[in-house]
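1. test case, fold it:
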Amino acid sequence: MNSLVIEGSPKTPNINFDGANGAFLIEGRSIPENSLDFYKPIMEWLDSYINEPQEETEVSIKLEYFNTSSSKCILDVFKKLETIFKRGNKVKINWHYEVDDEDMLEAGEDYQSIVKIPFNMIEDDE
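-> Here you go, the predicted structure:
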């Protein structure tokens, strides 16, 4: 499976989805002008990945900040991953947040309560 790499910008996160190894990374800030447009190729790539996922998929989320419209798109990403998990494949989400960033910790906990995928909450030093 091909990888999906999208170079980040001040308003969009780095995306590095390694389909061959099942290692996915979303990192940076997610405040695009149009979240649906930005996340559309990610969702389409995930639709293909769902058909032939790796035995294990590990997702690392290292976001400094995301806006409300990105929040919905991130949830949609998790919902697609949940499909893989429900089929019996291993899926793990590593939710990174900086020390003292209560908002980002709470956001991760909110996602964890919605999707049925194991989350690791990882506190990073700044």
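
2. quick check: phi and psi at the most far-flung residue of the chain relative to its centre.
-> Using C-alpha atoms, centre = their mean, the residue of the chain lying farthest from its centre is residue 100. It sits 21.4 Å away. As for residue 100, its main-chain torsions (degrees, to the nearest 10) stand at phi 70, psi 10.

3. could you measure it against residue 52, distance?
-> 41 Å (C-beta to C-beta, to the nearest Å). Where C-beta positions appear, they are placed from N, C-alpha and C, glycine not excepted.

4. ok, residue 111 next?
-> 25 Å.

5. with neighbour numbers in mind, choose between these two.
-> residue 111 (19 against 8; other C-beta atoms under 10 Å).

6. you'd agree the more buried one is up against residue 104?
-> No. Using C-beta atoms under 8 Å as the test, residue 111 is too far from residue 104 to be in contact (10.9 Å).

7. mind listing what's buried in the longest helix along the chain?
-> Longest helix of the chain, by residue count under DSSP state H: helix 68-86. By neighbour count on 16 or more other C-beta atoms under 10 Å, the buried set for helix 68-86 is 69, 70, 73, 74, 76, 77, 78, 80, 81, 84, 85.

8. could you report the neighbour count for the residue lying closest to the first one once chain neighbours are set aside?
-> Just to be clear, that refers to residue 69. Excluding the flanking residues, the one nearest residue 69 by C-beta to C-beta, 6 or more residues apart in numbering is residue 35, at 3.8 Å. If you count neighbours by other C-beta under 10 Å, residue 35 ends up with 21.

9. you'd agree residue 35 is up against residue 72?
-> Yes. Using C-beta under 8 Å, residue 35 is in contact with residue 72, at 7.2 Å.

10. quick check: residue 38 vs residue 8, distance?
-> Counting by C-beta to C-beta - residue 38 and residue 8 are separated by 11 Å.

11. how about residues contacting the longest helix of the chain?
-> Here helix 68-86 makes contact (C-beta atoms under 8 Å, 6 or more residues apart in numbering) with 26, 30-32, 34-36, 38-39, 42-43, 46-47, 49-50, 53, 57, 59, 61, 66, 91, 93, 107, 111, 114-117.

12. keep only those of the residues you listed that are in strands.
-> Counting by DSSP state E, the contacts of helix 68-86 place 26, 30, 57, 59, 61, 66, 91, 93 in strands.
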